[in-house]
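Engineer: give me a model of this one.
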Amino acid sequence: MLNKGKAHPTLPVTDIKRARKFYSETLELNLRDEIAPGHLRYDAGEGTFLVVYERPTPTTSDATAASFEVDDVEATVKGLKNRGVKFEVFELPGVEWNDEIATMGDMRGAWFKDPDGNILAVSEAA
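Structural biologist: As a prediction, this is how the structure comes out:
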């Protein structure tokens, strides 16, 4: 039943104008539309999308909310850092770190937060 359509992340934000600037300008995602007042839908590649919506309280999750597959994680991290994104480094069993890029078996990735604390990641399969 649930495998007939696409799943998409839906992230809460407390300031939709600030979120629009971050997701549109910093992450360079294409704003597809405003599906309702305070609800923005962004194209996220290969027919997928991401929704951000405004609510009065920030997220309290400490888990990755959305991950973006990229062709070159090092170039992506460098580009995002040049636009002011700060990356997170944390302890995970079996993970090797090279600066802010983690290697986990055949995958490499890096994590960062949006202005509301939603944890986002970029990853590359080896």
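Engineer: which parts of this structure are helices?
Structural biologist: Taking DSSP state H to define them, one finds helices in the chain at 16-21, 73-82.
Engineer: please name every helix or strand in contact with the longest one.
Structural biologist: This points to helix 73-82. Here helix 73-82 touches strand 87-88, strand 101-104, strand 107-113, strand 119-125, going by 3 or more Cβ pairs under 8 Å, 6 or more residues apart in numbering; DSSP states H and E. The C-beta positions use only the backbone N, C-alpha and C, and glycine is treated the same way.
Engineer: any chance of those in a markdown table, with mean neighbour count too?
Structural biologist: A markdown table is the format used below for those (neighbours: other Cβ atoms under 10 Å):
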| stretch | mean neighbour count |
| --- | --- |
| strand 87-88 | 15 |
| strand 101-104 | 18 |
| strand 107-113 | 19 |
| strand 119-125 | 19 |
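Engineer: ok, which of those comes nearest residue 23?
Structural biologist: Each of the helices and strands packed on helix 73-82 has some distance to residue 23 by Cβ to Cβ; the shortest is strand 119-125, at 9.7 Å.
Engineer: report all helices and strands that the closest one contacts.
Structural biologist: Judged by 3+ Cβ pairs under 8 Å, 6+ apart, strand 119-125 is in contact with strand 64-69, helix 73-82, strand 107-113.
Engineer: distance of the spatially closest residue to residue 89 that is not a sequence neighbour from residue 85?
Structural biologist: With Cβ to Cβ, 6 or more residues apart in numbering as the criterion, residue 89 has its nearest non-adjacent residue at 5.5 Å, and that residue is residue 100. Separation of residue 100 from residue 85 (Cβ to Cβ, to the nearest Å) stands at 10 Å.
Engineer: looking at the two, which is more packed in?
Structural biologist: Shown here are residue 100 and residue 85; by other Cβ atoms under 10 Å, residue 85 has more neighbours (19 against 15).
Engineer: quick one, what contacts that one?
Structural biologist: By Cβ atoms under 8 Å, 6 or more residues apart in numbering, the contact set of residue 85 is 26, 112.
Engineer: please renumber so the chain begins at 16
Structural biologist: Got it, first residue is 16 now, which makes that one residue 100.
Engineer: and it, what's its pLDDT?
Structural biologist: If you check residue 100, the pLDDT there is 98.
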